[in-house]
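Colleague: Using only what follows, build the 3D model:
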Amino acid sequence: MNHKTLWSVWEALKATLVENKAQSSEFDNYLHTGGVAYGCRQQFSFSLERLHGRFTSKNLQVVICRLDSGLYELNSYFN
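Modeller: Numbering: from 1, shown residues only. Sure thing, here's the model as predicted:
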């Protein structure tokens with residue numbers, strides 16, 4: 001899914017965590033500064049304390065790509 005702003009990307013990630021009953025103190029305390037340049041991507045990995053309401057040792061993997069059009073493409077998954 002493409003997003004117009006980087007802020008909407010982070011909001012979508014928050015919604016994914018809520019939807020999957022996931023908790024990540026790394027994500028909650030992460031402060032994103034700067035942006036993503038056109039045609040570039042950034043990758044993040046946030047450790048999870050809970051997933052689907054249960055304790056886990058999995059991570060939330062995130063890749064944010066900024067397309068030449070200026071839109072942001074978000075790919076995320078639990079690993």
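
Colleague: Which positions within the host helix or strand of residue 61 qualify as buried?
Modeller: Assessed by DSSP states H and E, residue 61 sits inside strand 59-66. For strand 59-66, a neighbour-count test (16 or more other C-beta atoms under 10 Å) marks 59-60, 62, 64-66 as buried. Yep, even glycine has a C-beta here, placed from its N, CA and C like the rest.

Colleague: now the helices for this protein?
Modeller: 6-19, 25-29 (DSSP state H).

Colleague: for the first one, the distance to its chain's centre please.
Modeller: Using C-alpha atoms, centre = their mean, to the nearest Å, the mean C-alpha position of helix 6-19 is found 7 Å from that of the whole chain.

Colleague: same question, the last one
Modeller: Centroid separation for helix 25-29 versus its chain: 11 Å, with C-alpha atoms, centre = their mean.

Colleague: any idea of the mean pLDDT for it?
Modeller: Mean pLDDT, helix 25-29: 94.

Colleague: Same check on the first one?
Modeller: This predicted structure assigns helix 6-19 an average pLDDT of 95.

Colleague: for it, packing partners?
Modeller: Judged by 3 or more C-beta pairs under 8 Å, 6 or more residues apart in numbering; DSSP states H and E, helix 6-19 is in contact with strand 59-66, strand 72-78.
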